[in-house]
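[1] With the sequence up front, the predicted model follows.
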Amino acid sequence: MSDPARDRVSPSREDALVRSVSEAVGGPLGDHAGQHPWWTPLRVVLLLAAVALSLGIVAKAPCLDIAGEAGNTGRYTNLCWSDISTAYVANGLAEGTWPFTDDAQARARYAPAWQPPLPAYVAFASQRVTALLSGSPDLEARALVPVPEVAEQPGVLREARIFTLVNIVLLAGVGLLAAGLLTGVRRHRPWDAAAFALAPVLVLFFPIGWDLLAAAGVTAALWGWSRRRLGVTGVAIGVAAAASPFAALLLVPGIALLARDRRWPEAGILGAGAVAAWTALMLPAVASSPSAWLTSWKAYFHGADIGSAWLLASQVTGLDPSLRMILGGTAVLLLVVCVVVVVLAWRTQWSFASLGTLLVAEALIVSPAAAPSFALVLLPLAVVAVRQWSHLLVWQACEIGHWAMLGFYLGGILAPSGGGDARAYWLGVVLRLAGLVWLIGVTAMAAAEREPEGPGSADVDAVEGRGREADPDLDVLTDVGHPRT
């Protein structure tokens, strides 16, 4: 029997970038290196993720002083803005308003927030914790003042800071969970999770919003798929879809791969788990207010958003497509992409992670919604599908470049009044789109390199050299029970 620790693939030996960086701490792992009795890959990755998330908090710290002030543009120019910090006042949480209330008085003061149900639940729970930590303020008195003056009431900005920190702590725990699960997706490649834990987009885009909830759900889906626990995979996709509709797209490659191998019961389990989990999370919102529930998804379907290819095309050409045209075009393009993914699933041996990366990345290209933090939903898929850190960093550099240009654009630096040119932001949008195209290309190359050349040749992956176990990507479906030699 082989030793699992000895069979692990070390990034410092197979990845040129990691190998060069490792020279600063002694060089690549040696041939006779042993495993530390306490510093297991899981613990190291969790530590790295904790450091990255802490740096993300420090990066957003300057904006804590303006928490609750939605109109402050300095948070954009300082590149430390966070939708979480402004949600406390803007969404009525400072008055304890349930996000999906149908109360006429509450709705007269605050319109339903453009926030999917799962993040809305987390935000409301954080408000309850904030109320306990801040001494249960008099919420009824705040309801008597005009909405623009709520932020000026005693204690509101302090509560907004506490609210932001409570959310950050909860999301940091979710991020650690995601990093830990990634170490178990490939048992012989646990160090691949370090590419997630040290991802620049994790540092800089945490905590802009609540997208890390969806990222953790995607990670749990990858973990469940690698362990052949398709019920877990389905539930995880449903939970992730309650935070971001992009995660729901993972049902397409999952069901396609199962259907290809005539594994209809497993496909049913996967689909039923996703639908059941998503429905269960929707019920409180729908039962409270169907109209507010519909509005909660409006951030994804309200039209061309800044950073999207739709807005870029509109500004460059001078055309103004209607909302129906934008949504109809997006639906058609997504349908085409889904068909391509299904064909690839049936005709190739591409993995669930590779197909998922391809689908989500292309969805982010054609989607009218294009927030920078959406990259976090794609991150765990990309880490599993693309094993070269340098390729991942190119994509992330493009995302960060767009994020910086977006901050300057929203802050007015690129506007003519600020001495700049708003058209310079177009370069940021092109950079974002180019990064996604790059990720699609390297995902396709990586999948093609790992694809077996013929029947019975699925044993070529490096992690199977001595382990005599199925590769969780290549063999989780097609090679069940296949003997290793």
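    Received, thanks. Here the structure is a predicted model, which is why all the values come from computation and not from measurement.

[2] most centrally placed residue in the protein?
    residue 377 (1.8 Å; C-alpha atoms, centre = their mean).

[3] Quick one: mean pLDDT for the helix or strand hosting it?
    Using DSSP states H and E, residue 377 falls within helix 375-385. Across helix 375-385, pLDDT averages out at 97.

[4] repeat for stretch 299-316
    91.

[5] Ends of stretch 250-266, what's the gap?
    15 Å (C-alpha to C-alpha, to the nearest Å).

[6] before we move on, the earlier item: which non-adjacent residue is nearest the residue nearest to the centre of the chain?
    Leaving aside its chain neighbours, residue 377 sits nearest to residue 214 (4.8 Å; criterion: C-beta to C-beta, 6 or more residues apart in numbering). Every C-beta, even on glycine, is put in place using the N, C-alpha and C of the backbone.

[7] For the one you found, give me the pLDDT.
    Turning to residue 214, the model gives it a pLDDT of 98.

[8] Provide a list of residues in contact with it.
    Counting by C-beta atoms under 8 Å, 6 or more residues apart in numbering, residue 214 makes contact with 240, 241, 243, 244, 246, 247, 376, 377.

[9] Following the helix or strand encompassing it in sequence, what is the next regular element?
    Assigned by DSSP H and E, residue 214 belongs to helix 211-226. Where DSSP H and E defines the elements, the next helix or strand beyond helix 211-226 is helix 230-241.

[10] And the residue nearest to the centre of the chain, how far from residue 359?
    Applying C-beta to C-beta, to the nearest Å, the value for residue 377 to residue 359 is 12 Å.

[11] Then residue 246?
    Applying C-beta to C-beta to residue 246 and residue 359 gives a distance of 9 Å.

[12] Residue 153 now?
    Using C-beta to C-beta, residue 153 is found at 46 Å from residue 359.

[13] And for residue 247?
    To residue 359, residue 247 is 11 Å away according to C-beta to C-beta.

[14] Same drill for those two, tell me which one is more crowded.
    Neighbours per residue, other C-beta atoms under 10 Å: of residue 247 and residue 359, the larger number sits with residue 247, 29 against 25.

[15] got the contact list for the closest residue in space to the more buried one that isn't next to it in sequence?
    What sits nearest to residue 247 in space, not counting adjacent residues and going by C-beta to C-beta, 6+ apart, is residue 240, at 3.4 Å. Neighbouring residues of residue 240 by C-beta under 8 Å, 6+ apart: 213, 214, 215, 216, 217, 218, 220, 221, 247, 248, 250, 377.

[16] make it 10 Å
    Applying C-beta atoms under 10 Å, 6 or more residues apart in numbering, we find residue 240 in contact with 118, 211, 213-221, 246-248, 250, 274, 277-278, 377, 380.

[17] What's the per-residue pLDDT of it here?
    Reported pLDDT for residue 240: 98.

[18] With the one 10 residues further on instead?
    The predicted local confidence for residue 250 comes out at a pLDDT of 98.

[19] Enumerate every residue touching it.
    217-218, 221-222, 225, 233-234, 236-237, 240-241, 270, 274, 352-353, 355-356, 359-360, 381.

[20] Repeat that for residue 83.
    With C-beta under 10 Å, 6+ apart, residue 83 has these contacts: 70, 90-91, 113-115, 119, 123, 207-211, 299, 371, 373.

[21] give me that answer again for 6 Å
    Neighbour list for residue 83: residue 209 [criterion: C-beta atoms under 6 Å, 6 or more residues apart in numbering].

[22] Could you do residue 46 as well?
    Counting by C-beta under 6 Å, 6+ apart, residue 46 touches 176, 180.

[23] Residue 212 now?
    Contacts of residue 212 by C-beta under 6 Å, 6+ apart are 171, 174, 175, 376.

[24] Just the ones of those in strands?
    For these, not one is inside strands, with DSSP state E as the criterion.

[25] So which residues of the chain form strands?
    Counting by DSSP E, the chain has no strands at all.

[26] low-scoring pLDDT stretches of it, where are they?
    Within the chain, the ranges that satisfy pLDDT under 70 run 1-38, 65-72, 415-421, 451-485.

[27] Relative to residue 441, how far out is residue 318?
    Distance of residue 318 to residue 441, given as C-beta to C-beta: 31 Å.

[28] More neighbours: the two, which one.
    Remark: of residue 318 and residue 441, residue 441 carries more neighbours, 13 against 6, as counted by other C-beta under 10 Å.

[29] coming back round to it: and the helix holding residue 377, what does it pack against?
    helix 194-197, helix 211-226, helix 352-366 (3 or more C-beta pairs under 6 Å, 6 or more residues apart in numbering; DSSP states H and E).

[30] most packed of those?
    Between those, helix 211-226 has the highest mean count of neighbours, a mean of 28, where neighbours are mean count of other C-beta atoms under 10 Å.

[31] which residues does residue 253 contact?
    Taking C-beta under 6 Å, 6+ apart, we find residue 253 in contact with 341, 345, 352, 355, 356.

[32] Now do stretch 121-134: everything it contacts.
    Residues from elsewhere that reach stretch 121-134 (C-beta under 6 Å, 6+ apart): 87, 93, 99, 159, 162, 163, 166, 167.

[33] can we see that at 8 Å?
    Residues from elsewhere that reach stretch 121-134 (C-beta under 8 Å, 6+ apart): 84, 87-88, 91, 93, 96, 98-99, 115, 137, 155, 158-159, 162-163, 166-167, 170, 210, 213, 281, 284.

[34] Out of those residues, which sit inside helices?
    Judged by DSSP state H, the contacts of stretch 121-134 include 84, 87-88, 158-159, 162-163, 166-167, 170, 213, 281, 284 as members of helices.

[35] Is it correct that residue 151 is in contact with residue 157?
    Yes. Between residue 151 and residue 157 there is a contact under C-beta atoms under 8 Å: 6.6 Å.

[36] Could you measure from residue 160 over to residue 153?
    Taking C-beta to C-beta, one finds residue 160 at 11 Å from residue 153.

[37] what is in contact with those two at once?
    residue 94.

[38] Between the two, which has more neighbouring residues?
    In this view residue 160 and residue 153 are compared by other C-beta under 10 Å, and residue 160 has more residues nearby, 26 against 17.

[39] how much space between the more buried one and residue 63?
    11 Å.

[40] so what sits against both of these two?
    By C-beta under 8 Å, 6+ apart, residue 160 and residue 63 have these common neighbours: residue 85.

[41] And residue 355, how far from residue 275?
    Taking C-beta to C-beta, one finds residue 355 at 20 Å from residue 275.

[42] unless I'm mixing things up, residue 371 is touching residue 307, no?
    Yes. Between residue 371 and residue 307 there is a contact under C-beta under 8 Å: 7.2 Å.

[43] And those two? Which one has more around it.
    Between residue 371 and residue 307, counting by other C-beta under 10 Å, residue 307 is the more crowded of the two (26 against 23).

[44] Just give the closest residue to the more buried one, not the sequence neighbours.
    Spatial nearest neighbour of residue 307, excluding adjacent residues (C-beta to C-beta, 6+ apart): residue 370 at 3.5 Å.

[45] how about that neighbour, phi and psi?
    Main-chain torsions, residue 370, degrees, to the nearest 10: phi -150, psi 50.

[46] give me the number of residues near it?
    Applying other C-beta under 10 Å, we find 22 residues neighbouring residue 370.

[47] what residues are up against residue 258?
    Taking C-beta under 8 Å, 6+ apart, one finds 230, 264, 266, 267, 270, 477 in contact with residue 258.

[48] Can you name the residues that contact the third one?
    If a contact means C-beta under 8 Å, 6+ apart, then residue 266 has 230, 258 as its contacts.

[49] Many thanks, we can stop here.
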